[in-house]
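J.: can't give you the sequence, but here's the structure:
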């Protein structure tokens, strides 16, 4: 794994200070981001202290474990979504999963945007199952929604993802005329968001009262890039998006599986979130890059199956 980036190292360092009594958003810790990433970073920081090993090592190992768990969940959902998938397709998807979540992030491995894309992937698979009339139900659906909710809470800009996915799901459902408008995954995402806002208000109220006004007055200095600058900083994202959309039209909008269409919707939403943030930083492109890559992979598999 690559060396930890400065943002991840700062989160772990700040978490260690919190463990030793420093107050987040207080006089000891000045931080512009919402608190969830710091609360989560307390876990690897505490484990590292107990084991007397670097916190970055523990953080990376926990991320690898999270990726393994998400991969297992996605594989089970994928078997239900595409029971007849060939072994070659499974191997290809495994390769893409490792590339997207272990190679593509590079030094941004463990960034909030990286974690968000990872946690939202089961939600997208579950939405595809719903679009095809085979929704997951009960505690499994709630867990998928909560995972996506945690990911979105890490980067609230990406709340556009469930908006785009649920809207596209309504369009796809119209073709088969069925399905519930209120899905447990969406309810879990919304409950997670409400719970997070309440937790911040209760445990870190200074973020709302002191730091949000400060960000409103100063963030323009960071998110200052115009359209041309944002495009220039994300050439690879726009090329990938264009290739994916062309493939979607080539496969056929009506013949393309729901999963590919929903992944594209999520990719478009994440691209808009990238523009909203206005910085051009690479890690903010990771969700869109991830979703478009998976969409293109599934479209390629669909095209290969049509030819065969």
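T.: Right, received. Where do you want to start? This one's a predicted model, so the numbers in the text were calculated from it and none came from an experiment.
J.: For the rest of this, base every contact and every neighbour count on C-alpha atoms.
T.: Noted.
J.: Low-confidence ranges, the stretch 101-250 of the chain, go.
T.: When residues are selected by pLDDT under 70, those of the stretch 101-250 of the chain lie in 175-180, 219-224.
J.: where along it do the strands fall?
T.: With DSSP state E, counting those that start in this stretch as the criterion, the stretch 101-250 of the chain has no strands.
J.: That one: helices as residue ranges?
T.: For the stretch 101-250 of the chain, the helices defined by DSSP state H, counting those that start in this stretch cover 112-131, 138-154, 160-176, 184-203, 205-206, 212-218, 227-232, 235-251.
J.: okay, the ones you listed, which one's buried deepest?
T.: Of the helices of the stretch 101-250 of the chain, the one with the most neighbours on average (mean count of other Cα atoms under 10 Å) is helix 112-131, at a mean of 25.
J.: what's that one packed up against?
T.: Secondary-structure packing of helix 112-131 (3 or more Cα pairs under 8 Å, 6 or more residues apart in numbering; DSSP states H and E): helix 55-81, helix 138-154, helix 160-176, helix 258-277, helix 286-307.
J.: Tell me which of the ones you listed lies nearest to residue 112.
T.: Between residue 112 and the helices and strands packed on helix 112-131, the tightest spacing by Cα to Cα is seen for helix 138-154, at 5.9 Å.
J.: Which strands or helices does that closest one pack on?
T.: Helices and strands touching helix 138-154, by 3+ Cα pairs under 8 Å, 6+ apart, are helix 36-51, helix 112-131, helix 184-203.
J.: Now do the first one: which elements does it pack against?
T.: This means helix 36-51. Using 3+ Cα pairs under 8 Å, 6+ apart, the elements in contact with helix 36-51 are helix 6-19, helix 55-81, helix 138-154.
J.: For the ones you listed, give me TSV that also has distance to residue 106.
T.: Shown next, in TSV, are the helices and strands packed on helix 36-51 (distance: least, Cα to Cα, whole Å):
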stretch	distance to residue 106
helix 6-19	12
helix 55-81	12
helix 138-154	19
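J.: how close does residue 236 sit to residue 173?
T.: 32 Å (Cα to Cα, to the nearest Å).
J.: can you put the helices and strands packed on helix 138-154 in CSV and add distance to residue 25?
T.: Shown next, in CSV, are these (distance: least, Cα to Cα, whole Å):
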stretch, distance to residue 25
helix 36-51, 11
helix 112-131, 19
helix 184-203, 11
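J.: which one of those helices lies closest to residue 70?
T.: Across those, residue 70 has its closest neighbour in helix 112-131 (7.2 Å, Cα to Cα).
J.: Please state the offset of that closest one from the chain centre?
T.: Centre-to-centre, helix 112-131 and its host chain are 7 Å apart (Cα atoms, centre = their mean, to the nearest Å).
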